[in-house]
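Novice: From the sequence below, what's the structure:
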Amino acid sequence: MKVIVIGAGVMGLTLATELDNRGVLVEIYERGCSVGDKACSWLAGGMLAPWCERENAPLAVQQYGKKSYQWWRNYLQKEGDLYANGTLVIAQSRDRQELLRFSRRTENFEWLDGEALRDLEPDLADRFSRSLYFADEGHLNPRTSLQFLVERLQKKGVAIHFNSMVDPKSFSQDIVVDCRGIKSKEDWNGIRGVRGEMLIIKTEEVTFQRPIRLLHPRFPLYLVPRKEGQFMVGATMIESEKRHSVTVRSMLELLGSAYAIHPAFAEAEIVETGCDVRPAFPDNLPRIKQEKNIWSINGLYRHGFLLAPIMAEKAANAILDQNYKLEQLYEYSCK
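Specialist: Numbers count the residues shown, from 1 in each chain. Okay, here's the model as predicted:
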C-alpha cells in the first residue's frame, strides 16, 4: 500500500509518521519551499494544554488532547524541545472573576497563593496574589518539532516534495490524504477560517519555565517561553479569512497584555510578527472524511499540535481497517 499525504503542516507530518510506523509506504507533497513555509503550524504557540483548553472547548479536546500529549512526549521528550512544566493561569486583581470562571470550567489544577507562585516562577513574585497551576500540561517549540518530524521521516526514506502544488484528484492509483487545511475549504461544507495573530519578542530581563495565560474579559493572552530569551505572544481569534499583516489593534492588545504580565517586556525586542487562518467547523472539532481513494482531515482550529497526533492515529486506523468506524472520532463531541 502507498499513501500520498498532501500538506506538510503538523497534521500531514504526524499522519505520515503514524503511517510510516505501521509499515506503510508514504510520500508527502507540500506547496511551501521548506518545512513551515506557508503553513499556519509554523506560527502556533505549541501549548499541550488539554485541561486549560476545556475552558471553552468540548470534552473531546481534553480527552483527545491528553492522548496527543503523550504521543509528543514519546517522540520529543529526549530529542526535541518539549517541556513538561505545566501551565500557569493568572489574572489581574480587577479580573479576579475571570480566574474563578476559568476554574469552574476546568479541572486537574491547584490554586496557588502569591508565595507558591513566586516559588514556581520567581519573576512573577509579588505581581499576582492567586493563580491556577495545571501541573500535568506542557509545551513544545512548533518549529523545531516540525523539523524533527521531517528529518525523522527523511532518514527513514520517506520522500517529501517541497514546492509542489498538486491536486488530490490527480492520484488515481494511490490512497491520498488531503491535509491542506483552509486551502481545501471548497471541498468541505461548513468550514470557516479563523484568523490568528502572534508576536515573538526577546528579552533577557524575564525568565519563565512554562506558558503563562493571562485572563481578560476581552483579550486573553498566552505567553510561551522559548530558547535564547524569546517568547511567543498570542493569539487573537478573529472570525476572518484575511491574511494581511498584524493589525494595530491586535499589536496593542498583545503587547499591552505582555506588559501586564511583567513590565520588563516594555523594553523587549520585537523579533517577528505573523498571522494566518486556521480552519474550523461550527463545533470547532476536526473531521475526517473519505470519497473514493481520497481521505481528508480538516478543522483542527486552534488545536493543531494538541489534536493532530490523535487524529493521525484515528485516520491511520480507518485507512488500514475497513471495519473501523469513523463515528468513534466524535464520542465526546456532544458533551
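Novice: so for stretch 132-148, what's the average pLDDT?
Specialist: For stretch 132-148, the mean per-residue pLDDT is 96.
Novice: now swap in stretch 228-236 and tell me
Specialist: In this model, stretch 228-236 has an average pLDDT of 91.
Novice: Now do the contacts for the nearest residue to Met165 once chain neighbours are set aside.
Specialist: Using C-beta to C-beta, 6 or more residues apart in numbering and skipping the chain neighbours, the partner closest in space to Met165 is Arg31 (4.6 Å). No exception for glycine: its C-beta is placed from N, CA and C like everyone else's. Remark: with contacts taken as C-beta atoms under 8 Å, 6 or more residues apart in numbering, Arg31 is in contact with Lys38, Asn163, Ser164, Met165, Arg180, Lys183.
Novice: what's the lowest-pLDDT member of those residues?
Specialist: In terms of pLDDT, the least confident member of those is Lys38, at 71.
Novice: Is that residue in a helix, a strand, or coil?
Specialist: With DSSP: H, G, I helix; E, B strand; the rest coil as the basis, the three-state label of Lys38 is coil.
Novice: measure stretch 40-59 end to end?
Specialist: Taking C-alpha to C-alpha, to the nearest Å as the measure, stretch 40-59 stretches 24 Å from start to finish.
Novice: how close does Ala44 get to Asp81?
Specialist: Distance from Ala44 to Asp81, counting by C-beta to C-beta, to the nearest Å: 13 Å.
Novice: Neighbour count: the two, which is higher?
Specialist: Neighbours of Ala44 and Asp81, each counted by other C-beta atoms under 10 Å, are more numerous for Ala44; the result is 30 against 17.
Novice: which residues sit in contact with the nearest residue to Asn85 once chain neighbours are set aside?
Specialist: Excluding the flanking residues, the one nearest Asn85 by C-beta to C-beta, 6+ apart is Arg210, at 4.0 Å. With contacts taken as C-beta under 8 Å, 6+ apart, Arg210 has the following neighbours: Tyr83, Asn85, Gly86, Thr87, Leu88, Glu121, His139, Pro225.
Novice: and the second one, that's in a helix?
Specialist: Think Asn85. No: counting by three-state DSSP, one finds Asn85 to be coil, located in no helix.
Novice: Next up, phi/psi of it, please.
Specialist: Note on Asn85: its backbone torsions stand at phi -110, psi 0 [degrees, to the nearest 10].
Novice: Would you mind measuring from it to Lys314?
Specialist: Going from Asn85 to Lys314 by C-beta to C-beta gives 28 Å.
Novice: just the fifth one next, same as before
Specialist: In this view, Leu88 and Lys314 are 31 Å apart by C-beta to C-beta.
Novice: and what of the first one?
Specialist: Tyr83 sits at a distance of 26 Å from Lys314 (criterion: C-beta to C-beta).
Novice: Below-threshold pLDDT in this structure: ranges please.
Specialist: Per-residue confidence for the chain (pLDDT under 70) gives these ranges: 78-80, 327-335.
Novice: Parallel or antiparallel, list what pairs with whichever strand or helix holds Val224.
Specialist: For Val224, the element it lies in under DSSP states H and E is strand 221-225. Strands flanking strand 221-225 in the sheet, each with its direction: strand 212-215 (antiparallel), strand 230-234 (antiparallel) (DSSP bridges).
Novice: As CSV, those strands with mean neighbour count and distance to Thr106 would be great.
Specialist: Output for these, formatted as CSV (neighbours: other C-beta atoms under 10 Å; distance: least, C-beta to C-beta, whole Å):
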stretch, mean neighbour count, distance to Thr106
strand 212-215, 22, 11
strand 230-234, 23, 20
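Novice: all helices for the stretch 201-335 of the chain, in order.
Specialist: Along the stretch 201-335 of the chain, counting by DSSP state H, counting those that start in this stretch, helices occupy 248-261, 304-320.
Novice: could you say what helices and strands the last one packs with?
Specialist: I take that to be helix 304-320. Other helices and strands packing on helix 304-320, by 3 or more C-beta pairs under 8 Å, 6 or more residues apart in numbering; DSSP states H and E, are helix 10-21, strand 47-48, helix 59-76, strand 175-178, strand 287-291, strand 294-298.
Novice: That helix versus helix 59-76: what angle between them?
Specialist: Orientation note: helix 304-320 sits at an angle of 90 degrees relative to helix 59-76 (axes from the mean of the first three to the mean of the last three C-alpha atoms, to 10 degrees).
Novice: i'd like the first residue to be 859 from this point on
Specialist: Yes, from this point I'll number from 859; that puts the last item at helix 1162-1178.
Novice: Just the C-alpha atoms of helix 1162-1178, please, in PDB.
Specialist: Provided in PDB are the C-alpha atoms of helix 1162-1178 (Å, rounded to 0.1, in the frame of the first residue of the first chain):
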ATOM      1  CA  GLY A1162      -3.400  21.700  15.800                       C
ATOM      2  CA  PHE A1163      -0.500  20.400  17.900                       C
ATOM      3  CA  LEU A1164      -2.800  19.300  20.600                       C
ATOM      4  CA  LEU A1165      -5.100  17.200  18.400                       C
ATOM      5  CA  ALA A1166      -3.000  16.200  15.300                       C
ATOM      6  CA  PRO A1167      -1.500  13.000  16.800                       C
ATOM      7  CA  ILE A1168      -4.800  11.500  17.900                       C
ATOM      8  CA  MET A1169      -6.400  12.500  14.500                       C
ATOM      9  CA  ALA A1170      -3.400  10.900  12.700                       C
ATOM     10  CA  GLU A1171      -3.800   7.700  14.800                       C
ATOM     11  CA  LYS A1172      -7.600   7.500  14.000                       C
ATOM     12  CA  ALA A1173      -7.100   8.300  10.400                       C
ATOM     13  CA  ALA A1174      -4.400   5.600  10.100                       C
ATOM     14  CA  ASN A1175      -6.800   3.100  11.700                       C
ATOM     15  CA  ALA A1176      -9.600   4.000   9.300                       C
ATOM     16  CA  ILE A1177      -7.300   3.800   6.200                       C
ATOM     17  CA  LEU A1178      -5.800   0.400   7.200                       C
END
